[in-house]
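Peer 1: I would like to see how this sequence folds:
(chains A and B)
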Amino acid sequence: MKPARKMFVFLTAFALSVCATAVPALSQTIKVGVVLPLTGSEAAFGEIERNSFQMALDEINAKGGVKGRKIELIFEDDTGKPDVGRSAVEKLISQDKVSVLTGGYSSAVSIGVTALAQQKNIPFLVTTGSADEITEKGYSYVFRINPPASEYPEAVTSFLQEVVKPKTAVILYENTSFGQSSSKSFEGNLKNLGVQLLLKEAYNANAVDFKPILTRVKSMNPDLIYMVSYVMDAALLMRQSKELDINPQLFVGGGAGFTLPEFRENAQAAADNVFSATLWSESVPYPGAMDYYKKYNARFKSNTEYHGTEAYACLYVIADALQRARTFSPSDIRDALASTDTKTAFGPVKFVSYGKKTQQNRLPTFMVQWQRGKLETVWPRNVATKGYIFPTTPWRERK
Amino acid sequence: MDVFWQTLVAGILKGGLYALIGIGMTLIMGVMGIINLAQGQLMMVSMYITYVLFSALRIDPYLSLAIAMPALFLLGVLIQKYFLNPLLKVDTILPHNQVLMTVGIGMVLTEVIRFIFKSDYRSVSTTYSNKTFFLGHISFSVALTVAFGIAVMFTLGMFLFLMKTDLGRSIRATAQDKEAATLMGVNTGRITVITFGLGSALAACAGTLLAPVFYIFPDIGGPFTSKAFVITILGGLGSTVGAIFGGLTLGIAESVGSTYLGMDYENIIGMIIFVGVLVFLPSGFKRLTKV
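Peer 2: Here you go, the predicted structure:
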């Protein structure tokens, strides 16, 4: 009797242990932590990115997920504040036990959370945070899909060199990591072009009144006004430039806010003829770009823009890395990410090291222009959807 | 010289709106002795009312003043009656739990609006949003100039109301000495309710006037609450005339500062004035105007 009983106990124990390990293993999802500003003043972008992550997730899981396992996204809200972002990521790592992290909208938050990810050895694929320093710290666990802020104006610079040839310029930028990073590199570009910089001035984001600073700009009468602003500051800057009747040869936005539909909606006619650097628009020649744009429109009944594409592409890059990773351990996922070479709606993705940067994706940039309420890609010439309008018509002569 | 005048004009126009937001808070401060830290959020609610009326029914923002202000008056009345007054009867360890309550109300308002409208930026783009006229080389935004005029009108109206009417006198009496006012037969409970309503309605006025020249999102309230706070301190905690000067001073100081020092100093200047007034002129401009 005794051996039989022993056998029974053993079998039961064995069966239980199989249940305990095997059953969850089959249904277990791969957890991916996403930190985004879902509330707070940056929430508009956070929502576009969350929707895009969700869209990519549904597509990937509908096709069977990765190696038969479904991906699960765990969203955390950073409210646009670095300290909140850090504690959100802390929670994602220690409580949710995610094996890979992504997201990161503002540069300030991204800087904080990537440092934490590196410390805990969890791979972090930065979606948007664009301050140069994020990939300049030699972090082995941090990757970035979008180009650093300093590279945003590359297309603009070549346009200035070949077409505009301005003599004088003014730079206005919001005093955030993104603004500083962007404006500093553009200043360097201007120097290389031999353009005289009359004024380089920071402003507080979400200001009500830009007239004092614009009045000074007007009195300097520059050929070029370059602005690094988020969407509503961008709209107000343009509206108030129109109000003050400031007429440079061209207004250029350094990406971020100037390409969004909300910019046009708020600025109305003041948006026309404004140029902007951009990383992506639905008309760029990448397979899947227009597709993503249309799918987003159809599903969420609202417009998307490059931030959304970054998010959408990010999850595809992660899924691709997971597919190739030896195991789902963070260090194996890191190795797989490092050898990424794939094509996404946001463009080709490959993490390379150059200059001070490590594990940074390199992409060309584009220049777009608002023409009669529509955003047209105008530079470089080989991808242009329309010819550029230059020089800009003075405000009072416009109909 | 054009630069200076343009700066001054921009500052004064902005200051007019600031004053309007500040008076609402000042009034509440004066009568109830508490800072209403939901002032900016109340303004935000009125901006959304304006937005809805404009986008759904094409009602001009200036006409929607007639809807937004009574609506916010009612909201203010309800807040005071059902959320703030009951707190007076409760014993707590915190002396100013009404102030904490206003913070909470502000958060709830923001999140409710976010729930309904999402975090998207909204615009009330009227035909005159971008219109300007020029006096010499100085440009005036039509919408801001009209807003300034209306702000002055409401401010004067408020002042006359407080000085000349029975209700106004009762409000001032309550502000000066609540117990004495009660003994003189003023229904101070009712007065606090009306005052909070009036304060909210003034915030609504500012919000509605600001909507066509600015933009709208759920978190817009916070920065304006802090501006209103600075103005209230500047004006001398409870003085209406002081708040007008406070608003104009802040507007002009910010403008001049951002022209001649740099725009990233804009907020610092406001705070320096704030600290300066607390140190050197603790009772604010009230001490200079005596009203």
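Peer 1: Around chain A, pick out the residues from the stretch 51-200 of chain B.
Peer 2: B:111, B:114, B:118-121, B:123, B:125, B:129-130, B:132, B:134, B:139, B:141 (CB under 8 Å from any CB of the partner chain). C-beta here means a position set from N, CA and C on the backbone, and glycine is covered the same way.
Peer 1: Swap in 7 Å and give it another go.
Peer 2: B:114, B:118-121, B:123, B:125, B:130, B:132, B:139, B:141 (CB under 7 Å from any CB of the partner chain).
Peer 1: By neighbour count, which of those wins?
Peer 2: Neighbour counts for these peak at residue B:141, which has 26 neighbours (criterion: other CB atoms under 10 Å in any protein chain shown).
Peer 1: Kindly provide the distance from it to residue A:386.
Peer 2: Using CB to CB, to the nearest Å, one obtains 32 Å as the distance from residue B:141 to residue A:386.
Peer 1: and what of residue A:180?
Peer 2: In terms of CB to CB, residue A:180 sits 33 Å off from residue A:386.
Peer 1: what about residue A:171, which helix or strand?
Peer 2: With secondary structure defined by DSSP states H and E, residue A:171 is part of strand A:168-174.
Peer 1: Convert the C-alpha atoms of that strand to PDB, please.
Peer 2: C-alpha atoms of strand A:168-174 as PDB (Å, rounded to 0.1, in the frame of the first residue of the first chain):
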ATOM      1  CA  THR A 168      20.000  87.100 -41.700                       C
ATOM      2  CA  ALA A 169      18.000  84.900 -39.400                       C
ATOM      3  CA  VAL A 170      16.200  84.800 -36.100                       C
ATOM      4  CA  ILE A 171      15.700  81.600 -34.000                       C
ATOM      5  CA  LEU A 172      12.900  81.400 -31.400                       C
ATOM      6  CA  TYR A 173      12.600  78.200 -29.400                       C
ATOM      7  CA  GLU A 174      10.800  76.900 -26.400                       C
END
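Peer 1: show me what contacts the residue in chain A that chain B sits nearest to?
Peer 2: In chain A, no residue comes nearer to chain B than residue A:43, which is 3.3 Å away by CB to the nearest CB. Residues counted as contacts of residue A:43 (CB atoms under 7 Å, 6 or more residues apart in numbering or on different chains) are A:37, B:119.
Peer 1: ditto for residue B:177
Peer 2: By CB under 7 Å, 6+ apart, residue B:177 has no neighbours at all.
Peer 1: Phi, psi for it please.
Peer 2: When quoted as degrees, to the nearest 10, the phi and psi of residue B:177 stand at phi -160, psi 100.
Peer 1: How about residue A:142?
Peer 2: Residue torsions, per degrees, to the nearest 10, at residue A:142 are phi -110, psi 130.
Peer 1: what helix or strand is the closest residue to it other than its chain neighbours on?
Peer 2: Leaving aside its sequence neighbours, residue A:142 sits nearest to residue A:114 (CB to CB, 6 or more residues apart in numbering or on different chains; 4.5 Å). Assigned by DSSP H and E, residue A:114 falls within helix A:107-120.
Peer 1: contacts for that helix?
Peer 2: A:35, A:78, A:80, A:82, A:85-86, A:89-90, A:93, A:101, A:104, A:124, A:126, A:129-131, A:133-134, A:139, A:141-142, A:176-178.
Peer 1: Among these, name the ones in strands.
Peer 2: A:35, A:101, A:124, A:126, A:142 (DSSP state E).
Peer 1: Can you report how many residues lie near residue A:142?
Peer 2: The burial count for residue A:142: 27, using other CB under 10 Å.
Peer 1: typo on my end, residue A:81
Peer 2: 18.
Peer 1: Ramachandran coordinates for it?
Peer 2: Torsion angles, degrees, to the nearest 10, at residue A:81: phi -110, psi 130.
Peer 1: From the contact counts, what lies against the helix or strand harbouring residue B:66?
Peer 2: Element membership of residue B:66 [criterion: DSSP H and E] is helix B:61-79. Using 3 or more CB pairs under 7 Å, 6 or more residues apart in numbering or on different chains; DSSP states H and E, the elements in contact with helix B:61-79 are helix B:39-57, helix B:188-210.
Peer 1: Please tell me I have it right and residue A:385 contacts residue A:283.
Peer 2: Yes. Between residue A:385 and residue A:283 there is a contact at 5.1 Å, judged by CB atoms under 7 Å.
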